[in-house]
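Peer 1: no sequence for this one, just the structure:
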Ligand code: AMP
Ligand code: GLY
């Protein structure tokens, strides 16, 4: 069969890498992909002149693609699945009505409240002055969130009232995130340790992935600005066996059931961003897709073929599907361009990729890269997701950093403490 994967980041290279290993797959089209997907066996990068939903649908019809997999949230929230389904095209991911679980934080919060799923206390606003009144009533710390999609930047954690007022103005008055800031929420600040928990679902049944943890801030020790994610590892020891059961039942299955009862059956990957406080999980956010960089640490641990799992989510028979995971932990260290998440330069030549990939149990996933005259150049903020497996979390971390040391490009930046929280727990 032929598969198309939409997107160009580290998550998408990982999806392409895993899908290309399926015995049923003869070809993977990467729309548009990166240098890593360009060099993946069976895969081909395609830059569409027209990358609208229609343009993408026309392409998959012309190439007789059997399955399309969507990486990022924006097309899902904008209804690419509905567009494909109307034309009888086979596509993996939630439709527009279901993807709203990520597309509107107010929707997600109200759903959680209605169905008693544990989360932070919140209030929604359409008016900046009313939001400020509530802020003065509640006090700080408080979290200010734009309602809509803001490329991971719409959440501002405020420790002073002045910061919170500025955040409200930034979102609602200055419209820093455009229409995503027409509404906002003020939310209780949760403290604890974060974890990501992703499941496959066909709208009724869920099949869990293994636990993982992202590292959002740019610097070691979780200092500095938030980024798209500077690294991940799996499993996350903060998610104990007992907690995992609790998460699956009271959060992930409960959310899938809630969506179905609300007339929005959810098919695809549901990503729970969780805060674990005193051994209890609460929802920080839901995402309607695979996580980035969690996917880079998760899919190398998936022993089963991914393609039949994706298809059974679409067909509604996920219950019959085996989803087996390796017991070997994995760690992904993101190498970023100097300056990221602020402004950075592109076009720097990357060296050492082959040497790194030769190391045992190591896979270098590409994110912001491009091929030019057979050279691999940087082409984005997050450049590579250097990933390794090991017999323990410690070994997977050491293996990932051994590979990182082989790779260089001008002004490369990476965190030196990916996985440290897991190591601290095992002491
Ligand atoms: P979100 O996009 O909602 O996941 O928010 C991005 C990041 O902001 C999360 O991964 C957390 O680090 C942080 N965050 C979001 N909501 C809260 C909250 N209520 N309390 C503390 N931190 C939060
Ligand atoms: N790792 C955070 C995200 O995928 O949204």
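Peer 2: Done, it's in. Note that the structure is predicted; figures quoted are calculated from it, not measured. Ligands and ions are numbered 1, 2, ... in the order given.
Peer 1: Alongside ligand 1, which residues does this structure contribute?
Peer 2: Neighbours of ligand 1 within the chain, by Cβ under 6 Å from any ligand atom: 120, 143, 155, 157, 187-190, 194, 216, 273, 284-285. To be clear about C-beta, it is placed using only N, CA and C from the backbone, and glycine gets the same treatment.
Peer 1: Let's see that with 5 Å instead.
Peer 2: 120, 143, 155, 187, 189-190, 273, 284-285 (Cβ under 5 Å from any ligand atom).
Peer 1: Ranking by neighbours, what's the top pick from the residues you listed?
Peer 2: residue 187 (22 neighbours; other Cβ atoms under 10 Å).
Peer 1: who's in contact with that one?
Peer 2: By Cβ atoms under 8 Å, 6 or more residues apart in numbering, the contact list for residue 187 reads 109, 120-123, 142-145.
Peer 1: In ChimeraX, select just the buried ones from those.
Peer 2: The ChimeraX command for the buried members of the contacts of residue 187 (criterion: 16 or more other Cβ atoms under 10 Å) is given here:
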select :109,120,122,123,142,143,144,145
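Peer 1: Let me have the contacts of residue 187 in a markdown table, adding pLDDT as columns.
Peer 2: Below are the contacts of residue 187 laid out as a markdown table (pLDDT from 0 to 100):
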| residue | pLDDT |
| --- | --- |
| 109 | 97 |
| 120 | 95 |
| 121 | 94 |
| 122 | 96 |
| 123 | 96 |
| 142 | 97 |
| 143 | 96 |
| 144 | 96 |
| 145 | 96 |
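Peer 1: Looking at the contacts of residue 187, which one is closest to ligand 2?
Peer 2: residue 145 (13.7 Å; Cβ to the nearest ligand atom).
Peer 1: Surely that closest one touches residue 157?
Peer 2: No - the criterion here is Cβ atoms under 8 Å, and residue 145 misses it with residue 157 at 9.6 Å.
Peer 1: so the residue of the stretch 1-150 of the chain found nearest ligand 2 is in which element?
Peer 2: Closest contact between the stretch 1-150 of the chain and ligand 2, by Cβ to the nearest ligand atom, is at residue 11 (7.4 Å). Assigned by DSSP states H and E, residue 11 belongs to helix 10-20.
Peer 1: picking that back up, residue 234: which of the contacts of residue 187 is nearest?
Peer 2: Nearest to residue 234 out of the contacts of residue 187 is residue 120 (Cβ to Cβ; 24.9 Å).
Peer 1: which residues sit in contact with the closest one?
Peer 2: Neighbouring residues of residue 120 by Cβ under 8 Å, 6+ apart: 143, 187-190, 282-284.
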